[in-house]
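Novice: Have a look; sequence and predicted model below, questions after that.
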Protein chains: 4
Amino acid sequence: MVGRTRKQRPSNTQYAIRRNEIVDQAAELFARNGYAATGIREIGDAAQLARGALYYYINSKEALLEEIHDRVMDPLLEEARKIKALECSPSARLRMISEVLLRAIIERRDHVWVFLHEYRSLTGQRRVNFKRKRAVFEKIVGDLLAEGVDEGEFEIDDPPMTSLAFLGMHHYTYQWVQRHPDMDPKIVSDIYCGIFFDGIRVGRDKKAGS
Amino acid sequence: MVGRTRKQRPSNTQYAIRRNEIVDQAAELFARNGYAATGIREIGDAAQLARGALYYYINSKEALLEEIHDRVMDPLLEEARKIKALECSPSARLRMISEVLLRAIIERRDHVWVFLHEYRSLTGQRRVNFKRKRAVFEKIVGDLLAEGVDEGEFEIDDPPMTSLAFLGMHHYTYQWVQRHPDMDPKIVSDIYCGIFFDGIRVGRDKKAGS
Amino acid sequence: MVGRTRKQRPSNTQYAIRRNEIVDQAAELFARNGYAATGIREIGDAAQLARGALYYYINSKEALLEEIHDRVMDPLLEEARKIKALECSPSARLRMISEVLLRAIIERRDHVWVFLHEYRSLTGQRRVNFKRKRAVFEKIVGDLLAEGVDEGEFEIDDPPMTSLAFLGMHHYTYQWVQRHPDMDPKIVSDIYCGIFFDGIRVGRDKKAGS
Amino acid sequence: MVGRTRKQRPSNTQYAIRRNEIVDQAAELFARNGYAATGIREIGDAAQLARGALYYYINSKEALLEEIHDRVMDPLLEEARKIKALECSPSARLRMISEVLLRAIIERRDHVWVFLHEYRSLTGQRRVNFKRKRAVFEKIVGDLLAEGVDEGEFEIDDPPMTSLAFLGMHHYTYQWVQRHPDMDPKIVSDIYCGIFFDGIRVGRDKKAGS
DNA sequence: AATGAATGAGGCTTCATTCAT
DNA sequence: TATGAATGAAGCCTCATTCAT
């Protein structure tokens, strides 16, 4: 009731390390079996921690979910922002973003699975926050495509949908990357961007499949 | 064999209609709130049926989930098979498949959401069955791309990944179609295929974004 | 999330009866062992109901607590209001309130124990609501004492504290009534009021114990 | 015998001081939020002690509760015994007891709240012990009232209940004293006793409220 | 064709307590 | 002296499902 003290976390290093492990293990479980289907007990088992002890490290199952979201989304967003601010051509910057995104999807596949697949399990403010971050990321991609058009690199009929196509092609990778874990992000990025940028390049000779 | 019928189902028409409604309502709920987060009670409420009565129409929650999967996947697969057998060019057939797929994703968006997003909630044999169907569908796309290469329409570096890129771009549509419900599948298909086929067309002038 | 349907209660009579029993049994347990110390399982056991089945009848443990509060407090308040509006002398009306209150304390001793002893276990709005009711009741007593002074029946040095003394003497009865369950409320009331009104009567000869 | 000491306690002064603080803080928390609702962690927080460290000072939560009981109950009982043995009139001695009791209720309100309100959280022997002490205290009051009757000071219809009325009026004070923390025990005592003794005085003119 | 009532397993979380350091 | 880490039982509650009516 009055001044109910919130659990305060040790700033200890050992604590931080253990905590990290737990979040990683949870991400793996969530990615493999789904957030809702994964019980706190399973997370405890994976961490070799009794039910109660787990709560020494986490605040709640959903807080854990949020952390998994943020741990990859935040740096990703940060990188995307920096890339956007670079001086090179829009297509070059999009390639960088493509690679950065695919690197996350491939190398942090559990975390990314979680935030691409389970973000609806976030509720309330947590959900709002996360959706905002994703919107920012997507806007960066949309802006770069628009720049490419302005600067005469691309020729695009329907910009919003093209943006979604670009993102979709990349994002959906999380679905099959679990089965092909040793992909090289750079190579995948080159393939995607090769197809995509050839497909929207100014002056391309439109005729295929018509 | 799973799916042993424990109850004899009436072949009555009225029964079938009611049943249909229930499956539709369940699909909507699963798509909106997630399979795990949707309770049997909610489905009953939506169908204006008490908990008990619901079980007159369904065998179990998971059987319901399976049915939602099959109701759209089966016809889709059937169509894809027929298209594959047509005489026209690979790119033309891929465009047809693209459109058929997007039509399902857009017009039956609840069902498709469920089977693209929640298929991991299927267990045991049900899961195996469904994964097989998806594999068949994906193989058709892969085969058509290969045909396109053989027949000199396409030039592709990494066929499997290109196939996944094509599918990913399409599939991921289910994520944003909820927010843009009145898209025209044909138009979306044209955009996707326009980009994609231009991007893999033989003789294209590879240079964008170098 | 969206339109989550609140459990709606059958208006069935059988249901109401069973429900009543459950509330009574819970009141007894709360009175005997305390609200916090009484587990949902114990309530279920007392009602011969499995854990889950209990929730068919109640919304939550705290809702149960609230109901126990209201079931006796509301009629009591109603009666007190009516008595206050009567035409007879303040002391006569206070005697009526005394008797009504003691009847509740003695005959519904479990419920009264709960609301005199456990009201702090109510939280949020429930607590506010209940405190308001108690304040109304206490104000009625205070008003009647004031009327008695105005009309020349009583002579009181410190009205607020006298009011509290009157209420305290009555309320505290709940503490020992468990050990003397067959008291007659009328008799107890006469004793309390006899002492109290003699003790504050105008023209009394103040000297005892000085 | 309960209370087997499992740890050897330092007789150190510093230790005793710290311990005292802890008990005081616990009493405050128990009084404010209830014994069951107060966690060991909160007590630790209040004492600025980690959970583990707390157990250096206390044996268990319930032992703490017991100590709070005894810390005020024991001296109170002692005083009551001494007062009873004095030579003055029963009413005078009752007034002293009234004042002593009210002084405890008002000045040590946290401790008193705990032992008037939470004594049922004591279990086993601890509970027996405490109930015995309370019975002794109550017997002293009963005996003095009886003496008053014998010596012609009081005229009482139902001695046991009159005794309970006297105690109830006093005890219940703990309920509202939290909201009026700066009462003067002497004044409250005078009001209570004024009413009460006038109300039971021999030769009083019984008629009020008839 | 439908229902109300019941089940019991399991959900997430908090608790008082211990113990090696 | 004090602590951080761990425990496991118990807390309240929801779930999919069944079955007599």
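Specialist: Nice, I can see it. Keep in mind that this is a model prediction, so the values were computed, not measured.
Novice: For residue A:68, grab the count of nearby residues.
Specialist: When neighbours are counted by other C-beta atoms under 10 Å in any protein chain shown, residue A:68 registers 26. (Glycine included, C-beta is placed from N, CA and C.)
Novice: pretty sure it is touching residue A:26, no?
Specialist: Yes. Assessed by C-beta atoms under 8 Å, residue A:68 is found in contact with residue A:26 at 6.7 Å.
Novice: What average pLDDT does the biggest helix by length in chain A get?
Specialist: The residue-count maximum for a helix in chain A (DSSP state H) belongs to helix A:124-150. For helix A:124-150, the mean pLDDT works out to 97.
Novice: Determine how far that helix lies from the middle of the whole chain.
Specialist: Distance, stretch centre to chain centre, for helix A:124-150: 12 Å (C-alpha atoms, centre = their mean, to the nearest Å).
Novice: what's the answer for stretch A:73-87, then?
Specialist: With C-alpha atoms, centre = their mean as the basis, the mean position of stretch A:73-87 lies at 13 Å from the chain mean.
Novice: List of residues touching that stretch?
Specialist: Applying C-beta atoms under 8 Å, 6 or more residues apart in numbering or on different chains, the contact partners of stretch A:73-87 are A:93, A:96-97, A:100-101, A:104, A:115, A:130, A:133-134, A:136-137, A:140, A:143-144.
Novice: Show me chain A divided up by domain.
Specialist: A:10-58, A:61-200 (automatic domain parsing).
Novice: What's the end-to-end length of the shortest one?
Specialist: From its first residue to its last, domain A:10-58 covers 12 Å (C-alpha to C-alpha, to the nearest Å).
Novice: That one close to chain B?
Specialist: Yes. Residues of domain A:10-58 contacting chain B under C-beta under 8 Å from any C-beta of the partner chain: A:33-34, A:36-37.
Novice: average model confidence for that domain?
Specialist: 93.
Novice: Are that domain and chain C in contact anywhere?
Specialist: No. On the criterion C-beta under 8 Å from any C-beta, domain A:10-58 is out of touch with chain C, staying 13.7 Å away.
Novice: Briefly note if that domain comes near chain D.
Specialist: No. Using C-beta under 8 Å from any C-beta, domain A:10-58 stays clear of chain D, with a minimum separation of 10.2 Å.
Novice: if we can go back for a sec, which one of the contacts of stretch A:73-87 sits in the busiest neighbourhood?
Specialist: Ranking these using other C-beta under 10 Å puts residue A:115 first, with 26 neighbours.
Novice: so how many other residues sit close to the residue of chain A found nearest DNA strand F?
Specialist: Proximity of chain A to DNA strand F (C-beta to the nearest atom of the strand) peaks at residue A:52, 1.8 Å away. The tally of other residues near residue A:52 (other C-beta under 10 Å) stands at 8.
Novice: check contacts around it.
Specialist: Applying C-beta under 8 Å, 6+ apart, no residues qualify as near residue A:52.
Novice: Let me know how buried the closest residue in space to residue A:162 that isn't next to it in sequence is, in neighbour terms.
Specialist: Computed as C-beta to C-beta, 6 or more residues apart in numbering or on different chains, the closest residue to residue A:162 that is not its neighbour in sequence is residue A:156, at 5.0 Å. Look at residue A:156: counted by other C-beta under 10 Å, it has 19 neighbours.
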